[in-house]
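**Q** fold the following, please.
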Amino acid sequence: GSVVMQSAFDAEISLRKQLTLDQKIDVQSEDIGPYALMFGQVLPDQITGLAAGAAGRLILENGQFALRDGSGSIEGTNWTGELKLNPELRVPKLTGSMVVDSVSLPSLARYVLGQNITVASFLERSAEPFNSSLLNWIDAKLSITADALDLGSKYVARKAVLTLELDDGALVMEDIGAAYGANGALSATVSLVSGENGAAVEGRGQLKNISLGDVLPETFSSIMGETDITLEFQGTGRSPGELVGELTGSGAAQLSDLVLPGVNENGLASLLAWADQFDETPEAEALNTQAAKDFSNGALIAQETEFPFAMAGGTIRLSNLRLKGSASELTGGARFNLVTGEVEADSVLRFTDGFEAVAGASPEVNIAWTGPIANLAKSFDANGLSAYLGLRAFEREQRRVELLQARILEQQRLRREVRYYQSLISD
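**A** Got it, this is the predicted structure:
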């Protein structure tokens, strides 16, 4: 790497007073890794190089350094700010405020967890062990404003403010506030620490007025709606896979203006028309095949709903899910295993309008989703419909017989009246 330094300074040295300094600096390096190694520090990007630079007024007074009107860049990310460094503490402490182009939470996490730990390490549930924090040589408390906040993977927030603290190697990001999606907002607090016994993470957060398309994986991009989510979580582990498997927590979600494709709340009419072609209730296999056709081709438009969820042993569980449409209601629950990426969801679609009511049964169909989240398989079980169709056919036949009997009785009555009046005429 190379270093370019331009400086002009005035220093006053006295036997009675501490050294004071007021110096303009402009330091640029294509790779600060080697210089960090000189002080015993290993940076995650030292293999490929970490370009950095700083400029401003460097002031030394009362044993503390200050950078006034500071500016610079770190790996292409520009920053400005006012910083102070107290080197006389047991662990030097950096304080101040910064305005930056972007902050990457995954990149910060690498300084705590190890240079080989990435977002992919967690998505793939890697068994590679965490390393001890690289930040235990300095403490810090910085107020940061960022145009962009990289949350990992495709998720990026905007216009972020946060307080970043380093304490004995632990990374704490408090009072995170940012815009997210088209009209949403994010607030959160997250702490991360790593040592000889592994890593620990803890956090809480809230998303408000978020489009589902901005938080769900691409697999569910066709689901539309708005959501508010609150979440608390914590976990420990010696590797990404182990930490994911030990995550626990809880939260709640509110949904509004939900459009759930592949669940046709108006599919009952077409299925009943199909079933009416037969003299007897269709066999289960044929009924399930027809149900998959009629209830997949459409969508459920649900009213506002709220449901809790819990996380334990690396599995997220949704319970008491109730989506109420104009003519039906979908209830059920789901489980998402963060370790394997597998989903298991069971639900019952019950119809509340647009059908003939029968005693002892109501039309309903079970819908299940199973498999990896990127390739879910949906299946239908129409046994509930079979019972309803059987009773419906029985009641229809009973009404038909009753009507036939009523017509026969009416005809008999008319014949008696005819004979009666004929007898009166002949008399």
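
**Q** helix, strand or coil for the nearest residue to residue 232 once chain neighbours are set aside?
**A** Nearest residue to residue 232, sequence neighbours excluded (Cβ to Cβ, 6 or more residues apart in numbering): residue 204, at 4.4 Å. C-betas here are computed from N, CA, C, even on glycine. Following DSSP: H, G, I helix; E, B strand; the rest coil, we place residue 204 in the strand state.

**Q** neighbours around residue 204, how many?
**A** 15 (other Cβ atoms under 10 Å).

**Q** show me what contacts it?
**A** 188-189, 230-233 (Cβ atoms under 8 Å, 6 or more residues apart in numbering).

**Q** contact partners for residue 153?
**A** So residue 153 contacts 119, 123 (Cβ under 8 Å, 6+ apart).

**Q** how far off centre is stretch 313-331?
**A** 16 Å (Cα atoms, centre = their mean, to the nearest Å).

**Q** just name the shakiest helix or strand of this structure by mean pLDDT.
**A** strand 3-12 (a mean of 46; mean pLDDT, DSSP states H and E).

**Q** counting by contacts, list what whatever helix or strand comes next after that one packs against.
**A** As assigned by DSSP states H and E, the chain's next helix or strand after strand 3-12 is strand 20-29. Strand 20-29 makes packing contacts with strand 3-12, strand 52-61 when contacts are defined by 3 or more Cβ pairs under 8 Å, 6 or more residues apart in numbering; DSSP states H and E.

**Q** circling back: what's the farthest-apart pair in the contacts of residue 204?
**A** Within the contacts of residue 204, 189 and 230 form the most distant pair, 12.6 Å apart (Cβ to Cβ).

**Q** shared neighbours of those two, anything?
**A** 204-205.

**Q** circling back to that earlier point, what subset of the contacts of residue 204 is buried?
**A** 188-189, 230-231, 233 (16 or more other Cβ atoms under 10 Å).

**Q** just the ones of those residues in strands?
**A** 188-189, 230-231, 233 (DSSP state E).

**Q** what's the closest of those to residue 341?
**A** Closest approach between these and residue 341, by Cβ to Cβ: residue 233, at 17.9 Å.

**Q** so the closest one makes contact with residue 203?
**A** Yes. Using Cβ atoms under 8 Å, residue 233 is in contact with residue 203, at 5.8 Å.

**Q** reformat the ones in strands among the buried ones among the contacts of residue 204 as TSV; add distance to residue 421 and pLDDT.
**A** Converted to TSV, those look like this (distance: Cβ to Cβ, whole Å; pLDDT from 0 to 100):
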residue	distance to residue 421	pLDDT
188	91	97
189	94	97
230	82	97
231	84	96
233	89	96
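
**Q** would JSON lines of these with distance to residue 318 be doable?
**A** Below are those laid out as JSON lines (distance: Cβ to Cβ, whole Å):
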{"residue": "188", "distance to residue 318": "21"}
{"residue": "189", "distance to residue 318": "24"}
{"residue": "230", "distance to residue 318": "14"}
{"residue": "231", "distance to residue 318": "13"}
{"residue": "233", "distance to residue 318": "15"}
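
**Q** between those residues, which sits nearest residue 89?
**A** Of these, the one sitting nearest to residue 89 (Cβ to Cβ) turns out to be residue 189, at 24.9 Å.

**Q** bridging across strands, which residues link to that closest one?
**A** Beta-bridge partners for residue 189, by DSSP bridges, are residue 204.

**Q** where does the prediction get shaky in this structure?
**A** 1-18, 35-49, 219, 353-355, 397, 427 (pLDDT under 70).

**Q** quick one, helices of it?
**A** For the chain, the helices defined by DSSP state H occupy 33-38, 105-113, 119-123, 240-245, 268-275, 284-296, 383-426.

**Q** out of the ones you listed, nearest to residue 161?
**A** helix 105-113 (14.3 Å).

**Q** residues contacting that closest one, please?
**A** So helix 105-113 is in contact with 43-44, 117-119, 130-131, 133-135, 149-152, 164, 169-171, 173, 190, 192-194, 199, going by Cβ under 8 Å, 6+ apart.

**Q** try 7 Å
**A** Contacts with helix 105-113, where a contact means Cβ atoms under 7 Å, 6 or more residues apart in numbering, come from 44, 117-119, 130-131, 133-135, 150-152, 171, 192-194, 199.

**Q** which of the residues you listed fall in strands?
**A** 150-152, 171, 192-194, 199.

**Q** could you flag which of those are buried?
**A** 150-152, 171, 192-194, 199.

**Q** which of those residues lies closest to residue 217?
**A** Of all those, residue 217 sits closest to residue 152, with 13.0 Å by Cβ to Cβ.

**Q** for stretch 144-155, C-alpha coordinates in CSV please.
**A** What follows is stretch 144-155, C-alpha atoms only, in CSV (Å, rounded to 0.1, in the frame of the first residue of the first chain):
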residue,chain,number,x,y,z
ILE,A,144,-23.8,8.1,13.2
THR,A,145,-26.1,9.4,10.4
ALA,A,146,-26.0,7.3,7.2
ASP,A,147,-27.7,7.6,3.8
ALA,A,148,-27.9,3.8,3.6
LEU,A,149,-28.0,1.0,6.2
ASP,A,150,-27.1,-2.4,4.8
LEU,A,151,-29.0,-5.0,6.9
GLY,A,152,-27.6,-8.0,4.9
SER,A,153,-28.7,-9.9,1.8
LYS,A,154,-31.0,-7.6,-0.3
TYR,A,155,-32.3,-5.6,2.7
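
**Q** what's the offset of it from the middle of its chain?
**A** That offset, for stretch 144-155, works out to 15 Å (Cα atoms, centre = their mean).
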